[in-house]
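Student: Make a model of this:
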Amino acid sequence: METDLLLVIMCVTLIAAWWFHLLLKWSSGHRRRRRCELTLPPGSMGLPLLGESLEFFARIPSLEVLPFFKRRLERYGPVFKTNLVGKDMIVSLDPEVNSYVLRQDNRAFQIWYPESLKRIFGAVLEVTSSESLHKRKRTMVLRVFGPENLRLVLLRHVQGAARSNLSSWAHRPSIELKEAVSSMIFSVTAKLLINYDASTSSAGELWKHYDAFTTGLMSFPVNIPGQGFINV
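Tutor: Residues are numbered from 1 along each chain as shown. Presented below is the predicted three-dimensional model:
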């Protein structure tokens with residue numbers, strides 16, 4: 001009995017110490033933000049520790065822009081500050097700003113990855129984030145998804161996939177449009193990148209694994225049941 005009570009006390013103490021550490025970390029970051037407030041765009045950092053993550057990760061049954069972005073675009077404009085998954089960040093919805101950032105080739109801006117991505121890929125991520133390798137990857141992506149290939153190859157694949165899927169959907173009483181369209185786009189992309197045949201019996205399983213993987217990429221990096229990171 002005394003041993004059980006001691007274990008409970010130790011667990012409560014460890015949890016309290018962990019929360020206290022997180023609160024101190026958040027408070028320190030909050031003070032730093034206050035000192036450089038004049039240099040940051042408008043916005044809100046949300047709740048302590050959680051930031052604005054709860055609203056950001058709220059699921060919506062549609063293909064339109066996330067309400068999280070729509071509300072902040074109306075309130076703050078196309079560039080605003082926020083805190084997601086425990087990280088302070090600046091979000092840009094401005095095409096000109098985004099184009100400028102992408103043209104810098106890691107000179108004026110550094111490549112940043114969320115903590116969940118670092119936990120998943122580890123040291124591999126550090127190697128692949130080098131400037132030369134980043135340029136090669138970008139060249140490969142543009143070769144497949146660039147304007148010329150988009151017109152000559154990709155559009156034909158998309159049209160074929162659309163006809164096939166529309167024919168399949170016609171025999172169903174109802175479909176979840178967002179998931180169905182996402183699965184179709186995934187099939188086309190997988191065919192172009194790795195020559196994967198979406199008509200195989202394992203295609204559905206591959207899509208489920210990919211969906212779970214992408215959900216876990218932008219999530220809190222903690223293994224809690226029901227939380228996206230634990231499924232990656």
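Student: residue boundaries of the strands in the chain?
Tutor: For the chain, strands defined by DSSP state E occupy the ranges 79-84, 87-92.
Student: which residues in this protein form helices?
Tutor: Assigned helices in the chain, in chain order: 2-35, 53-56, 67-76, 95-103, 115-121, 123-128, 131-145, 147-149, 155-169, 177-194, 203-217 (criterion: DSSP state H).
Student: still on that earlier bit, single out the most deeply packed of the strands of the chain.
Tutor: When neighbours are counted by mean count of other Cβ atoms under 10 Å, the highest per-stretch mean among the strands of the chain falls to strand 79-84, a mean of 20. C-beta: built from backbone N, CA, C; applies to glycine.
Student: on that earlier part again, just put the strands of the chain in CSV and tack on distance to I194 and mean pLDDT.
Tutor: Below are the strands of the chain laid out as CSV (distance: least, Cβ to Cβ, whole Å; pLDDT from 0 to 100):
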stretch, distance to I194, mean pLDDT
strand 79-84, 31, 90
strand 87-92, 31, 87
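Student: In CSV: those, plus distance to L154.
Tutor: Supplementary listing: the strands of the chain in CSV, determined by distance: least, Cβ to Cβ, whole Å:
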stretch, distance to L154
strand 79-84, 31
strand 87-92, 26
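Student: For P173, which of those strands is the nearest?
Tutor: Of all these, the one in closest proximity to P173, counting by Cβ to Cβ, is strand 79-84 (37.8 Å).
Student: Output the closest one as PDB, restricted to C-alpha atoms.
Tutor: What follows is the C-alpha trace of strand 79-84 in PDB, where atoms were taken according to Å, rounded to 0.1, in the frame of the first residue of the first chain:
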ATOM      1  CA  VAL A  79       1.000  38.000 -43.200                       C
ATOM      2  CA  PHE A  80       0.500  37.200 -39.500                       C
ATOM      3  CA  LYS A  81       2.200  35.700 -36.400                       C
ATOM      4  CA  THR A  82       1.000  32.600 -34.600                       C
ATOM      5  CA  ASN A  83       2.100  29.600 -32.500                       C
ATOM      6  CA  LEU A  84       1.500  26.100 -33.700                       C
END
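Student: Which elements pack onto that strand?
Tutor: helix 53-56, strand 87-92 (3 or more Cβ pairs under 8 Å, 6 or more residues apart in numbering; DSSP states H and E).
Student: for this structure, which spans come out with low pLDDT?
Tutor: When the per-residue scores of the chain are filtered using pLDDT under 70, the ranges that remain are 1-38, 59-65, 105-106, 116, 122-134, 198, 200-204, 217-232.
Student: picking up where we left off before, the strands of the chain: which one's closest to L152?
Tutor: Closest to L152 of the strands of the chain is strand 87-92 (Cβ to Cβ; 31.5 Å).
Student: that older thread, Serialize the helices and strands packed on strand 79-84 to TSV and add fields for distance to L117.
Tutor: Conversion of the helices and strands packed on strand 79-84 to TSV gives the following (distance: least, Cβ to Cβ, whole Å):
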stretch	distance to L117
helix 53-56	15
strand 87-92	11
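Student: nearest to M184, of those?
Tutor: With Cβ to Cβ as the criterion, M184 lies closest to helix 53-56 of the helices and strands packed on strand 79-84, at 25.6 Å.
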